[in-house]
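> My questions are about this predicted structure, shown below with the sequence.
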Amino acid sequence: MEDKLEKIFKKQQELDNFIKETKKSQSLDFEYNKSEWIDKLTSAMIAEAVELKEESNWKWWKKPKDINIKEVKNELVDILHFWVSLCLKLGISPEDIFETYMEKNEENIRRQKGGY
């Protein structure tokens with residue numbers, strides 16, 4: 001049984017393949033090197049992060065608004081789509097992410113305890 005992260009990666013690969021085939025039929029080129037994919041997909045993540053930021057009350061000069069959690073989730077998922085797509089383009093697996101996360105988490109805990 002695949003876990004949730006593996007399922008997300010699988011669904012993203014299906015979406016990426018669909019987009020590539022759709023764009024190919026429109027004569028759009030989707031053959032980029034890894035550096036170009038990093039540039040394109042991090043730009044997309046930054047744009048989505050700005051949209052997420054717009055859901056906060058960062059404009060101190062305006063009247064605060066209620067946070068729209070549904071929109072926050074949508075923006076986070078948009079970021080996730082591009083993030084997973086980048087992992088796929090770079091050959092990074094869900095297992096790679098899990099292992100690296102666990103290592104980095106331990107490092108962050110050590111840092112917070114003052115033990116670099």
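Alright, I've got the coordinates. Residues are numbered from 1 along each chain as shown.
> center of this structure - which residue?
Against the mean C-alpha coordinate of the chain, by Cα atoms, centre = their mean, the closest residue is residue 83 at 2.6 Å.
> I figured that one hits residue 46, correct?
No - with contacts defined as Cβ atoms under 8 Å, residue 83 does not count as touching residue 46, sitting 11.5 Å away. All C-beta spots, glycine's among them, are computed from the backbone N, C-alpha and C.
> still on that earlier bit, list the contacts of the nearest residue to the residue nearest to the centre of the chain once chain neighbours are set aside.
With sequence-adjacent residues excluded and distances taken as Cβ to Cβ, 6 or more residues apart in numbering, residue 83 is closest to residue 45, at 6.2 Å. Residue 45 makes contact with 79, 82-83, 86, according to Cβ atoms under 8 Å, 6 or more residues apart in numbering.
> low pLDDT regions in this protein?
Applying pLDDT under 70 to the chain flags the ranges 1, 115-116.
> what helix or strand is the residue nearest to residue 83 on?
Using DSSP states H and E, residue 45 maps to helix 34-53.
> CA atoms only for that helix - export them in CSV, please.
This file holds the C-alpha atoms of helix 34-53, laid out as CSV (Å, rounded to 0.1, in the frame of the first residue of the first chain):
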residue,chain,number,x,y,z
LYS,A,34,17.5,20.6,-14.6
SER,A,35,18.7,24.2,-14.1
GLU,A,36,15.8,25.5,-16.2
TRP,A,37,13.3,23.4,-14.3
ILE,A,38,14.6,24.7,-11.0
ASP,A,39,14.3,28.3,-12.3
LYS,A,40,10.8,27.8,-13.7
LEU,A,41,9.3,25.8,-10.8
THR,A,42,10.9,27.9,-8.0
SER,A,43,9.5,31.0,-9.7
ALA,A,44,6.1,29.4,-9.7
MET,A,45,6.4,28.5,-6.0
ILE,A,46,7.4,32.1,-5.2
ALA,A,47,4.4,33.4,-7.1
GLU,A,48,2.1,31.0,-5.2
ALA,A,49,3.8,32.0,-1.9
VAL,A,50,3.0,35.6,-2.6
GLU,A,51,-0.6,34.6,-3.2
LEU,A,52,-0.5,32.8,0.2
LYS,A,53,0.9,35.9,1.8
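> Nice, that's everything, thank you.
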